[in-house]
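K.L.:
Below are the sequence and a predicted model for it; my questions follow.
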Amino acid sequence: MNTTEYFKRTIQAYLEERAMEDELFAAKYDNPDKNIDDCVTYILNWVQKSGCNGFCDDEIYGQAIHYYEENDIEVGKPLNCQVSVNHHIELTEEEKAQARQEAIRQYQQEQMNKMRNRDTAKRTSQRTETEVHQPSLFDTL
């Protein structure tokens, strides 16, 4: 799972817990016109506009709550970025298996590339040796 997905999951878990504890917020959180993807987009645009690079949890959670509490809020355009979360990541067994398979695939690809590069270098050096040692009609004895 990439870091932005984990960020989204962290925000969503916080909001769901908040909705369970706060009935007034729960009604706003259940708004069918709102969703977690737009919430994250709103937060990322807010962060970008601020010009800062680091925030405490409460600032980010506050913006998530703000997104759900406001009826007319400008979400902004989706951003192509990665978000780092400074929480311990708990992966499911499926995510662990997927990460392991991805690591194996990447390792195999790296090894294949090394082998191809070695073979190419070997062929190039063999051609060079053959060309260097080939006599010419214009060589003097």
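P.N.:
Ah, there it is.

K.L.:
okay, CA-based contacts and neighbour counts for the rest of this
P.N.:
OK.

K.L.:
show me where pLDDT drops low in this protein?
P.N.:
Where the chain drops to pLDDT under 70, the residues are 1-3, 87-90, 122-137, 139-141.

K.L.:
Could you list the domains of it?
P.N.:
3-88, 91-132 (automatic domain parsing).

K.L.:
tell me what the host helix or strand of residue 62 is packed against?
P.N.:
Using DSSP states H and E, the element containing residue 62 is helix 57-69. With contacts taken as 3 or more Cα pairs under 8 Å, 6 or more residues apart in numbering; DSSP states H and E, helix 57-69 sits against helix 3-21, helix 23-29, helix 36-50.

K.L.:
Helix, strand or coil: sort out residue 31 for me.
P.N.:
Under DSSP: H, G, I helix; E, B strand; the rest coil, residue 31 falls in the coil class.

K.L.:
can you pull the contacts of the closest residue in space to it that isn't next to it in sequence?
P.N.:
Distances taken as Cα to Cα, 6 or more residues apart in numbering place residue 68 nearest to residue 31, at 7.9 Å, with adjacent residues excluded. Contacts for residue 68 were tallied using Cα atoms under 8 Å, 6 or more residues apart in numbering; they are 28, 29, 31, 34, 39.
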